[in-house]
Every structure is written in C-alpha cells, then in structure tokens.
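A.B. asks: I would like to see how this sequence folds:
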Amino acid sequence: MKFKMFSVVVGSEACIAKCPFCVSCETPNKENLKSSEINFRNLKIAANLANRSNVDTVMLTSRGEPLLFPDQITDYLHHLKEFNFPFIELQTNGILLQKNKEKYDKYLRLWYEKGLTTITISVVSHRPELNKKNYMQDNSDYINLPELIDYLHDLKFCVRLTCVCCKNMMDNSQEVAEFIKFAKENKVEQVTLRPVNDEYRRESAHLWILENKLTDENKKDIKDYLEKNGTKLLELERIGTIYDVDGQNVLFSLPLTKYTRDTNPENLRNLIFFQDGHIRYEWEMEGGILLWKFIMKKVINQLAVYY
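C.D. replies: I've put the predicted structure just below:
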C-alpha cells in the first residue's frame, strides 16, 4: 500500500476564522484529546507507513486552527523527530502568529529546533479586504501578510501561501498573476492554488460551495495562464502540477478530497492520523478508515516494528 501525503490532525474543530468552505465540514466530529490521551503508538505506525511510501513531508493540520493547541504541536514534533522526515509543515490561517506574537514566538523557535520546516498560510487572495471578509470573525483588520512572511523568514522557516480559489476571489488568470507577483515580491517559497473542493456532502458547506466554486472555464483560464507563462516542473499524480512562473514555484493543486480513491486499492492519496489513533485515507467519508483486520495485519507484517 502506497500513499502520497501524510497528514497529522491537531486539536479539534475550534477556530478563530469563519471560512464557509472549511475542511472542518468534512471530517468526523470528534472532541480534542489531551496529549496524554493521544494514541502515539498508532502515530508511529502511521509514520512508518509514510516512510515506507517514501513520503517526504508531514503536514500538521486540523479541522479548525491548529495554533489553538500549541502544546499538542510540540508533542507531535517530539514523537515525529525519530522518523527523520525532511519536511514538516504546519498549516494555519496565520492570524494568531501576528495577533498574539509574544506568545507564539517562543513556540515557533522551539518548533524550528524540533524539525518544523515550513509554515503554510491559508488565504483566499493577496488582497486584505477579501481575506478580512473570509477570515475575521470580529470584523477586525486582517493581518499584515507581508510583515508576517518577513517575520517567519527571519526565524528561518520556509513559507507557503495556499490560496483556496473561489468565485469572485481567485477565479481568473489576472488575479492569479497578481497573486503570484505578490508572492514573488515577498520571497514566498511556494504558492499553492487549490480550487475549493466541489465534492462536499455536508449541508453546512454544500450550498455555499455550489454557488462559489470555480467553473470549468475558470479552471481552464488559470491552467492556460500557467501553461503559457510558466514552465512545467513536475506532474504529481493525484496531487497537481508544479510550475515555475517567472521564478516563482506554483502548485496548481487538485482538491483535497478529490482523487483520493484509485482504481488500484494499493495506491491512495492521503494517509491521515487522527488523535484517537484512527488512521484514515479519506477526509470526507467516515468509512474511509484503514480497517485493522484487513489492513493492519499486512502493515504489521511489513513493518514488524511497533506491534
């Protein structure tokens, strides 16, 4: 069994933003566990599976905002260190890193020492007014994104901007060109353009996404721009295509839950560790779990390490 990506879920669905398309609408609704309750034994099994699949990046992510659980992030980094993943990435909306800088500065410095390499900031645009509308629950000003990027670079982190592409926010080649220009001017290491997922089945996000997802014409316009103005570097199966656009690394990504299922059951996009020890291959469907009876016997026979 081979996987393309390894995600570790931090915290609960608690968040400080109000994104109508949020991945928290997709995942099984479970409460946050204390660190003492997290099944770190199964985390090691999942990490070994990722190693065996030659996965080079761990994504610390959440159904809400992972920065609300900084001590849990520290614990995960501690347990992952022995597996020597080249890249460990923290996905966040970035708001707390600037709004509560004094608190998180010490955590960031600690996490860097424990192996965290990349901070990925989720946005819907490079335009503050659009990010404010999407992220700020209290209608306060959006963070100073260039300032935050500079700060993270000073701490020696790589920075990735992941733009969730939605209608009237990031839906055409002109906006994409401006976004890429913004990223390059701020020395962002990678830009990810990810069309908002159009496979949601939960009511809370379904109607909004139907009204605001990109059309096929929107996607073609963006893809044509990247093909015309960039050089294709890599085609990543079930993940997306990486381009060099005027010196800026740009990933045009497939939606998170799309193409998780493959005609070959041995090939899966996602390996996802949840706090309770469940190891899943699906974000959206609660049945998408690696069943112990069927899967773990094979895993244990392959690994013969943590059983």
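A.B. asks: gap between residue 281 and residue 53?
C.D. replies: Computed as CB to CB, to the nearest Å, the residue 281 to residue 53 distance reads 12 Å. Backbone N, C-alpha and C define where each C-beta goes, glycine included.
A.B. asks: got it, and residue 212?
C.D. replies: In this structure, residue 212 and residue 53 are 34 Å apart, going by CB to CB.
A.B. asks: before we move on, which element is the nearest residue to residue 281 once chain neighbours are set aside in?
C.D. replies: Sequence neighbours aside, residue 268 is the residue nearest to residue 281 in space, at 4.5 Å (criterion: CB to CB, 6 or more residues apart in numbering). Assessed by DSSP states H and E, residue 268 sits inside strand 267-273.
A.B. asks: residues of that strand that come out buried?
C.D. replies: Buried residues in strand 267-273, counting neighbours by 16 or more other CB atoms under 10 Å, are found at 268-273.
A.B. asks: make TSV from those residues and add pLDDT and distance to residue 145 to it.
C.D. replies: Formatted as TSV, the buried residues of strand 267-273 follow (pLDDT from 0 to 100; distance: CB to CB, whole Å):
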residue	pLDDT	distance to residue 145
268	74	34
269	74	29
270	82	28
271	90	31
272	91	28
273	93	30
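A.B. asks: count of neighbours near the nearest residue to residue 148 once chain neighbours are set aside?
C.D. replies: Counting by CB to CB, 6+ apart, residue 98 is the residue found nearest to residue 148 once chain neighbours are left out, at 5.0 Å. For residue 98, the neighbour count with other CB atoms under 10 Å is 15.
A.B. asks: with residue 237 instead?
C.D. replies: Neighbour tally, residue 237, other CB under 10 Å: 11.
A.B. asks: which pLDDT value belongs to it?
C.D. replies: Each residue has a pLDDT score; the one for residue 237 is 78.
A.B. asks: can you tell me how far it is from residue 184?
C.D. replies: From residue 237 across to residue 184, the span is 27 Å (CB to CB).
A.B. asks: beyond the helix or strand harbouring residue 206, next helix or strand please.
C.D. replies: For residue 206, the host element (DSSP H and E) is helix 203-212. Following helix 203-212 in sequence order, the next helix or strand is helix 216-229 (DSSP H and E).
A.B. asks: pLDDT below threshold where in the stretch 1-150 of the chain?
C.D. replies: For the stretch 1-150 of the chain, the stretches with pLDDT under 70 are 20, 22-36.
A.B. asks: quick one, strands of it?
C.D. replies: With DSSP state E, counting those that start in this stretch as the criterion, the stretch 1-150 of the chain has strands at 2-10, 57-62, 87-92, 118-123.
A.B. asks: output the ones you listed as a markdown table; include the columns distance to residue 195.
C.D. replies: Formatted as a markdown table, those follow (distance: least, CB to CB, whole Å):
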| stretch | distance to residue 195 |
| --- | --- |
| strand 2-10 | 17 |
| strand 57-62 | 18 |
| strand 87-92 | 17 |
| strand 118-123 | 14 |
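A.B. asks: got these as TSV, with distance to residue 244 and mean neighbour count columns?
C.D. replies: TSV is the format used below for the strands of the stretch 1-150 of the chain (distance: least, CB to CB, whole Å; neighbours: other CB atoms under 10 Å):
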stretch	distance to residue 244	mean neighbour count
strand 2-10	22	22
strand 57-62	20	23
strand 87-92	19	20
strand 118-123	19	22
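A.B. asks: who touches residue 11 in this structure?
C.D. replies: Counting by CB atoms under 8 Å, 6 or more residues apart in numbering, residue 11 touches 32, 62-66, 68-69, 72.
A.B. asks: relative to residue 162, which of the strands of the stretch 1-150 of the chain is closest?
C.D. replies: Nearest to residue 162, of all the strands of the stretch 1-150 of the chain, is strand 118-123, at 5.2 Å by CB to CB.
A.B. asks: for the closest residue to residue 81 other than its chain neighbours, grab the count of nearby residues.
C.D. replies: Leaving out its chain neighbours, the residue that sits closest to residue 81 by CB to CB, 6+ apart is residue 115, at 5.5 Å. Applying other CB under 10 Å, we find 17 residues neighbouring residue 115.
A.B. asks: all further residue positions should be reported with the first residue as 5.
C.D. replies: New numbering, starting at 5: the last item is residue 119.
A.B. asks: measure residue 119 to residue 242 for me?
C.D. replies: 26 Å.
A.B. asks: swap in residue 154?
C.D. replies: 34 Å.
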